[in-house]
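> could you look at this predicted model? Sequence included:
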Amino acid sequence: MNIFRKLRWKLTLSYTIVTICTFLMVIMILVGFLLPRIFIPANVLTPEGIFKLIQESSYPLWSHILSQSPVDTLLVRYLLEDMNGTITSADILRIGSIRLFVRTTAYLRAFVIGADGTLLGKSDRITVPNLTVGQPFDPNIYPGLEGPLTAAMAGDTDTKHLFTVFEPNKRFLLALPIFDETDNMENKVMGVVVLILESIPTRELIPLHMLNIAGRSLLILLVAAGIMGAIFGTFFANGLSKRFKRLFITIDAWSEGDFSKFITDDTGDEISQFSQRLNSMAKQLQELLHRRQEMAVSEERNRLARDLHDSAKQQALAASLQLGTALTLFEQDSEAAKKHLLEADALVDSVRNELTNLVLELRPQTIDGQDFSELLREYIFDWSQRSGIETNVNIEGDKDTPLETREALFRIIQEALANIARHSSASVVDVSLDYEENVVKMMITDNGRGFDVLQQHRGLGLASMRERTEVLGGSFTVESVPNQGTKILVALNIP
């Protein structure tokens, strides 16, 4: 069903949006707390601040490496490759192996020079020619390096002597002396690490720089969150749609009159409670229909009993009296006995006709698939032949009407003609059927003895005809005056 497909899509989309929005809110809160703390203060952007930051973070490692004899140049190379120019870094979110972080970086190039002036290592970004690891290093090959390198080799710790500023806040050269921290030889220089930093983010560019990096990580996280939300939404929507499908299948069975099926849902949530209420309603409807069927059967039996009592029984009793009289007069006056036998024969024939009419009323007529106008003509003609009452039929127009409308009209004609044959003593009956644009009108009139419509009647015929009409939203009217015949008017809407 399309309704379940739409429901699954709506639920899946809603869970995906909710999951993504939740992650966005969490990220925004974390970023709001962390970003102000990881913005680089103004003093860090100065050469002194950067010098102090690098010294605190990597000084112990360089001291350990340069204190070896001989120095492992391969280890120096790996360490220089690992230096990525990160000035500061902070994690925003970490889930297992997934890490969301921001950092500020600069373009970094580095040399490592031993205490004897030998080049121990250089980063891959150094493109100066004739620069070989293991050979004496000439400080003049890089402008601005000689002064800071000489001061660092001499063990000078004054940061003002250890750097050269090429462009304020953007391009620096730093020479970091590495001292021997063993054997109380703190003033012995083991080597010098020279750092050349370029393209350092300014204070104005730091937020944009960090957000750019964070945005890449955030995009990956949002995609993952969206996929998780879609999977969970699809799983939940499928389960919900299956429950609704079971509910719809059971309700469809109820609509067809099959109340033997019930909704099975024991999850305990609101849908399950709603299903239990529907099951209870179905049981009540089943009991109500059963009682109504019993009442209908009882009413039909009572109607048949009244009809048999008022017609066939009385005529049979009269025929029995005529036969008894004929038997009494048979030996004394055969001619008189013959008259009574003929009267009894006529009464028996009337009983037979009455019983035939009752049987025809009880037998269901096949209306669907037949020409309704022709079916009415045939039935009224047969009734006229059985009852001996002249009947005129007039049908104007022809329009396809619903089966329930045709059935109602046919049953009303059956009931009306049966009442005319039993009670009216009419000699002529007129039946007209008029199809208009949105309504079909039927009129049945007779010239019988009529009755007072204001008095209460025991029979169910008129009530049954009225009920059939009103169920379909139509109108039912009876006009009758004693000794002036009866007119029945029926109007049913045509969709």
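Right, received. Where do you want to start? Numbering: from 1, shown residues only.
> show me the contacts for Phe381.
By C-beta atoms under 8 Å, 6 or more residues apart in numbering, the contact set of Phe381 is Thr391. Just so you know, the C-beta spots here come from the backbone N, C-alpha and C atoms, and that holds for glycine as well.
> run a quick neighbour tally on Glu374.
Around Glu374 there are 10 other residues, counting by other C-beta atoms under 10 Å.
> quick one: distance of the host helix or strand of it to the chain centre.
Taking DSSP states H and E as the criterion, Glu374 maps to helix 372-387. In terms of C-alpha atoms, centre = their mean, to the nearest Å, the centre of helix 372-387 is found 54 Å from the chain centre.
> ok, then the element right after that helix?
Per DSSP H and E, the first helix or strand lying C-terminal to helix 372-387 is strand 390-396.
> ok, then the element right after that next one?
Scanning forward in sequence from strand 390-396 by DSSP H and E, the next helix or strand is helix 403-419.
> in that next one, what's buried?
405-419 (16 or more other C-beta atoms under 10 Å).
> output it as CSV, restricted to C-alpha atoms.
Written as CSV, here are the backbone C-alpha positions of helix 403-419 (Å, rounded to 0.1, in the frame of the first residue of the first chain):
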residue,chain,number,x,y,z
LEU,A,403,-27.0,-2.9,-6.9
GLU,A,404,-28.2,-1.9,-3.4
THR,A,405,-30.6,0.6,-5.0
ARG,A,406,-32.1,-2.0,-7.4
GLU,A,407,-32.4,-4.5,-4.6
ALA,A,408,-34.3,-2.0,-2.4
LEU,A,409,-36.7,-1.1,-5.2
PHE,A,410,-37.4,-4.7,-6.0
ARG,A,411,-38.1,-5.7,-2.4
ILE,A,412,-40.4,-2.7,-1.9
ILE,A,413,-42.4,-3.7,-5.0
GLN,A,414,-42.6,-7.3,-3.7
GLU,A,415,-43.9,-6.2,-0.3
ALA,A,416,-46.3,-3.6,-1.7
LEU,A,417,-47.9,-6.1,-4.2
ALA,A,418,-48.1,-8.7,-1.5
ASN,A,419,-50.0,-6.3,0.8
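> residues in contact with that helix?
Here helix 403-419 has contacts from 357, 361, 365, 367-368, 372, 375-376, 379-380, 383, 387, 429, 431, 433, 440, 442, 444, 459, 461-462, 464-465, 468-469, 471-472, 474, 488, 490, 492, 494, using C-beta under 8 Å, 6+ apart.
> show the buried residues in those.
By 16+ other C-beta under 10 Å, these give 357, 361, 367, 372, 376, 379-380, 383, 387, 429, 431, 433, 440, 442, 444, 461-462, 464-465, 468-469, 474, 488, 490, 492 as buried.
> those in helices, which ones?
The helices, defined by DSSP state H, take in 357, 361, 372, 376, 379-380, 383, 387, 461-462, 464-465, 468-469 from the buried ones among the contacts of helix 403-419.
> now, which of the residues you listed sits nearest Ser69?
When these are ranked by distance to Ser69 (C-beta to C-beta), Arg468 comes first, at 116.2 Å.
> quick one on the thing from earlier: and the helix holding Glu374, average pLDDT?
Averaging the model's pLDDT scores along helix 372-387 yields 85.
> stretch 351-365 now?
The model assigns stretch 351-365 a mean pLDDT of 67.
> swap in stretch 237-250?
When pLDDT is averaged along stretch 237-250, the result is 78.
> also stretch 70-78?
85.
> before we move on, what about stretch 278-297?
Taken as a whole, stretch 278-297 carries a mean pLDDT of 81.
> kindly report the same for stretch 409-420.
Taken as a whole, stretch 409-420 has an average pLDDT of 85.
> for that stretch, the distance to its chain's centre please.
For stretch 409-420, the distance from its own C-alpha centre to the chain's C-alpha centre is 50 Å (C-alpha atoms, centre = their mean).
> do you know the pLDDT at the residue lying farthest from the centre of the chain?
Distance from the centre of the chain peaks at Gln332, with 93.7 Å (C-alpha atoms, centre = their mean). For Gln332, the model assigns a pLDDT of 81.
> check which helix or strand covers Phe248.
helix 206-255.
> go on, Ala326?
Per DSSP H and E: helix 314-329 holds Ala326.
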